[in-house]
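J.: Below are the sequence and a predicted model; questions follow.
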Amino acid sequence: MKGSGTPAVYNLSGFSDQAWYKVENDAIGMGMKVEWDATAMPYLWHWQEYGATKGYPWYGRHYNIGVEPFSSYPTSGLEEVIRNGSAGYIGPKEVKTCWIRTSPYEI
């Protein structure tokens, strides 16, 4: 695939308290299930980079996808997440916890 333009980015939401996704690779017969605390990270950021970033540091050689739980959206900076109301907040001496679990499996 020859990349061009901006990498594709999607933000997903609406998960139950325990969210999950799976990624499978038929060529090696393996998969990975990722589960996480959707009350702490209610968004899933899915991005694809197929050679579209022509500058530093990848120079068009970066071909992959990322699937990452997130606490806010989009990933364009703090100013935007404050404006759209998805920014998190941790008060003085406040402790917040969350969890994430990965499980490899054969397919």
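T.: Structure's in. What do you need?
J.: Contacts only, for Gln18.
T.: Glu35, Trp36, Asp37, Ala38 (CB atoms under 8 Å, 6 or more residues apart in numbering). Where you see a C-beta, it was placed from the backbone N, CA and C, and this is true even at glycine.
J.: and if we set it to 10 Å?
T.: Counting by CB atoms under 10 Å, 6 or more residues apart in numbering, Gln18 touches Glu35, Trp36, Asp37, Ala38, Thr39, Trp99, Arg101.
J.: ok, now Val23?
T.: Val23 neighbours (CB under 10 Å, 6+ apart): Met30, Gly31, Met32, Lys33, Val34, Ile65, Val67.
J.: got a list of contacts for the lowest-mean-pLDDT helix or strand in the chain?
T.: Within the chain, no helix or strand scores below strand 8-12, which has a mean of 82 by mean pLDDT, DSSP states H and E. Strand 8-12 is contacted by residues 19, 21, 42-50, 52, 65-67, 70, 72-76, 86 when judged by CB under 10 Å, 6+ apart.
J.: picking that back up, list just the nearest of the contacts of Gln18 to Gly91.
T.: Nearest to Gly91 out of those is Thr39 (CB to CB; 17.2 Å).
J.: any idea how far the closest one is from Pro57?
T.: Applying CB to CB, to the nearest Å, the value for Thr39 to Pro57 is 35 Å.
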